[in-house]
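J.: this is the structure alone, sequence omitted:
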């Protein structure tokens, strides 16, 4: 290691040790203390608005000077509105039930012991994110509520904002009598710090990356601890052979066009042969009106050619299209024989994120639910519902496309584990 | 890659592809079919006893010729008794409730959708184990019941036995109309096959190694998929400052001496200063009578010196002793100030497996349960209870000392995940 690397290594190990120590304290903190810290954080964010805006101005100014695009600068800015939302989200997290200490499944065993499970924090998680400084507050508040410690590594473009926000969090923790080390920001912008953070199993129990696919793939490949990650969202809408056509048009339209960029937007439309003739021209007209490019199999193209305004938006789908997440006004369209072919297609080309069937057939609905191997499977609902808030989790840490541990939208529970507890009065094993 | 490596690579990829395809079938198999396969397997194992014994004789003979030790040869042997036990365990797994398809937490959301969770198989797991051929049947029956496919990689010393057992499993699957590829044995003994098995995330979702610590560490370090693993079992008994001494002696004795080799046997005894004078001489006499070597802190050594027969068994504990899993008639003993020091010691030196407090103090019991960061925490019970059958899981896949996904004794549920399900009647996101 170069001497710079050595010092980053030592710096990160020090953060790690402090996080581990703080996590012990957080694990035994009461709900009242944790909520006090969250409410204090909400107040401090508003009281410190001016200082936060000045710190943020340094980042915004630097981003402008560096010629970064307007959308990027926009995401970076801590407006009064953003600050108010951050404060409000702290209050909302305070209002959520505390997952920690929950005891479930207690039952007496023939040996006389009572066995159950107790929900406890994971310990320390590392959060790696890109430009939005509000993730600092989101991750801090989720860590506090779930009794974990967190090490935050934000984008270098937001370093001044993140430092100022981290100071607010430290003050809130101290006001509540909790250790300030429970939420630490990596104070340097060196990339080597990320390499250290994801390879310290002694100090960090899980990594949650938020950002582009490249970042997430790199982190997953190099991490030596579990990663809660979300890769592609190649979501499917399957229109079955018996279906309410009005409903199918409304839901398909919503799944694709309500917003193009979220990971739960539909990217691929499968239509049962029996419905294709009646359904495709209608949805084609909607897509044509909204300028959605349609990448079609031969049969769907034929059915869409005659739709007014559609012709210019039609393309032949390539094999790659079936596995592509466009995040744009583009959709791939395929006519399939029916349910079996749809399930097979989704399990083959999908990304195990969110897929929906639109159908009137109960057996088909149940088979789709059971057999599509995705984090969220839906019947007669828009894929856009695949979201922690819509699912009632109160807060969303991320969306996992893995099957291990947490799957799909991950709430506070994803930052916990269940240990076994045994209550006896002197039992021994025979 | 050498051409031998290429052919192993191709062989394993082929097993993987077939396992993945079979897993789709298994995921939708009904409980009745799966149970039929398990009951058939029980019958076939007994009907084929002679063929199994002949295959096994080849392995036993080779092991004897190779001069392997008697205990090893013993574990290898498929006696009538072992075969009967294997058949019985198939019937027991058939009698367990089917975890797959369980729907829980269904609730209506303000948007009108109903959101819930459905339990589904993980997909394909890889089981890597050493000599005992009965693991072949154990893993096969757990895979069948949980709707997963499995690729089995047993020790090369048991290859003839395992091949014969795998043929029985294939026959049982076919009798029940399930795909024989749901349970495949790696047919070669090359070590490169393990390297392939643990680095095929496309075909294998999780690896479960069973064997020595060296094997498990190597697999964990090299795997590119999650590993359900159990490393050390450095289990502690903490005798608190207020405690029923008779109970404490009985439980401590059981935790240490009922059997020395299991991972849930106690390896370290912590005694609150206030109890040391009364408790240590009593347990010391028990250990002395059983020839248990005691590695002591200065204070405990002083209290134990006078115990008849103990002196020859006393050693000074080194720093290493606090983190050592002996799996032998040896125990480390330390006098601590009280509860706080005990919790700190366990969280620092323990292996997060199983730890117990023996106490009459309710507050101390609850703090120990909450603050000791181990897979199983106990009050007034022997650590030896940390076991899937004792906990009521019906079957034990393994014990996990990780916090992610499954923790502690892992039953069928550890081979499943919960996906989200959404039932709507045309809802769209606003």
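T.: In hand now; what should we look at? The structure displayed is predicted, hence computed values, not measured ones.

J.: what strand or helix carries residue A:391?
T.: Counting by DSSP states H and E, no helix or strand carries residue A:391.

J.: likewise the one 5 residues further on?
T.: Here residue A:396 is covered by no helix or strand, with elements defined by DSSP H and E.

J.: mind listing what the strand ranked longest in chain A pairs with, with the direction of each?
T.: Identified as the longest strand of chain A according to DSSP state E is strand A:416-427. Here strand A:416-427 is paired, per DSSP bridges, with strand A:114-121 (antiparallel), strand B:376-381 (parallel).

J.: which of those sits most buried?
T.: With neighbours defined as mean count of other C-beta atoms under 10 Å in any protein chain shown, these peak in mean count at strand B:376-381, which reaches a mean of 26. All C-beta atoms are positioned from the backbone trio N, CA, C, and that covers glycine.

J.: just how off-centre is that one within its chain?
T.: Computed by C-alpha atoms, centre = their mean, to the nearest Å, the chain-centroid distance of strand B:376-381 equals 18 Å.

J.: I'd guess residue A:105 is in a strand, am I close?
T.: Yes: counting by DSSP: H, G, I helix; E, B strand; the rest coil, residue A:105 is part of a strand.

J.: what's the burial count for it?
T.: The local packing of residue A:105 (other C-beta atoms under 10 Å in any protein chain shown) involves 13 other residues.

J.: state the pLDDT value of it.
T.: Predicted confidence (pLDDT) for residue A:105: 93.

J.: contacts only, for it.
T.: A:115, A:116, A:117 (C-beta atoms under 8 Å, 6 or more residues apart in numbering or on different chains).

J.: tell me what angle the longest helix belonging to chain A forms with strand A:114-121.
T.: Longest helix in chain A, counting residues (DSSP state H): helix A:3-28. Angle, helix A:3-28 to strand A:114-121, by axes from the mean of the first three to the mean of the last three C-alpha atoms, to 10 degrees: 130 degrees.

J.: quick one on the thing from earlier: kindly reformat the contacts of residue A:105 as a markdown table containing pLDDT.
T.: As requested, the contacts of residue A:105 are arranged in a markdown table below (pLDDT from 0 to 100):
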| residue | pLDDT |
| --- | --- |
| A:115 | 97 |
| A:116 | 97 |
| A:117 | 96 |
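
J.: nearest to residue A:53, of the residues you listed?
T.: Relative to residue A:53, the closest of these is residue A:117; by C-beta to C-beta it sits at 45.8 Å.

J.: so what's that closest one bridging to?
T.: Residue A:117 forms beta bridges with residue A:104, residue A:420, as assigned by DSSP bridges.

J.: so who does it touch?
T.: Residues near residue A:117 by C-beta under 8 Å, 6+ apart: A:103, A:104, A:105, A:418, A:419, A:420, A:421.

J.: buried only: go through the residues you listed for me.
T.: Neighbour-count burial (16 or more other C-beta atoms under 10 Å in any protein chain shown) applied to the contacts of residue A:117 gives A:418, A:419, A:420, A:421.

J.: in the longest helix of chain A, what counts as buried?
T.: Buried, per 16+ other C-beta under 10 Å, within helix A:3-28: A:8-9, A:11-12, A:15-16, A:18-20, A:22-28.

J.: quick one, the next helix or strand after it and helix A:3-28 angle?
T.: Helices and strands here follow DSSP H and E; after helix A:3-28, the next one along the chain is helix A:31-47. For helix A:31-47 against helix A:3-28, the angle between stretch directions is 130 degrees (the same axes, to 10 degrees).

J.: tell me what helix A:31-47 is packed against?
T.: With contacts taken as 3 or more C-beta pairs under 8 Å, 6 or more residues apart in numbering or on different chains; DSSP states H and E, helix A:31-47 sits against helix A:80-95, helix A:134-146, helix A:159-175.

J.: for it, buried residues please.
T.: When neighbours are counted by 16+ other C-beta under 10 Å, the buried residues of helix A:31-47 are found to be A:33-46.

J.: what angle do it and helix A:159-175 make?
T.: 140 degrees.

J.: who touches helix A:31-47?
T.: Here helix A:31-47 has contacts from A:26, A:52, A:83-84, A:86-88, A:90-91, A:93-94, A:98, A:100, A:137, A:140-141, A:144-145, A:147, A:165, A:168-169, A:171-173, A:175-178, using C-beta under 8 Å, 6+ apart.

J.: restrict those to contacts with chain B.
T.: The overlap between those and the neighbours of chain B (C-beta under 8 Å from any C-beta of the partner chain) is empty.

J.: my guess is residue A:359 meets residue A:247, correct?
T.: No: between residue A:359 and residue A:247 no contact is recorded; they are 9.8 Å apart, counting by C-beta atoms under 8 Å.

J.: between the two, who's got more neighbours?
T.: Shown here are residue A:359 and residue A:247; by other C-beta under 10 Å, residue A:359 has more neighbours (25 against 19).

J.: that older thread, and of the contacts of residue A:105, the nearest to chain B?
T.: Closest approach to chain B among those (C-beta to the nearest C-beta): residue A:115, at 5.0 Å.

J.: the closest one and residue B:411, how far apart?
T.: Noted for residue A:115: a distance of 12 Å to residue B:411, by C-beta to C-beta, to the nearest Å.

J.: next one: residue A:241
T.: Using C-beta to C-beta, residue A:241 is found at 40 Å from residue B:411.

J.: need the contacts of residue A:105 in JSON lines with distance to residue B:151, can you?
T.: Listed next are the contacts of residue A:105 as JSON lines, based on distance: C-beta to C-beta, whole Å:
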{"residue": "A:115", "distance to residue B:151": "32"}
{"residue": "A:116", "distance to residue B:151": "34"}
{"residue": "A:117", "distance to residue B:151": "30"}
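
J.: right, I'll call it a day here.
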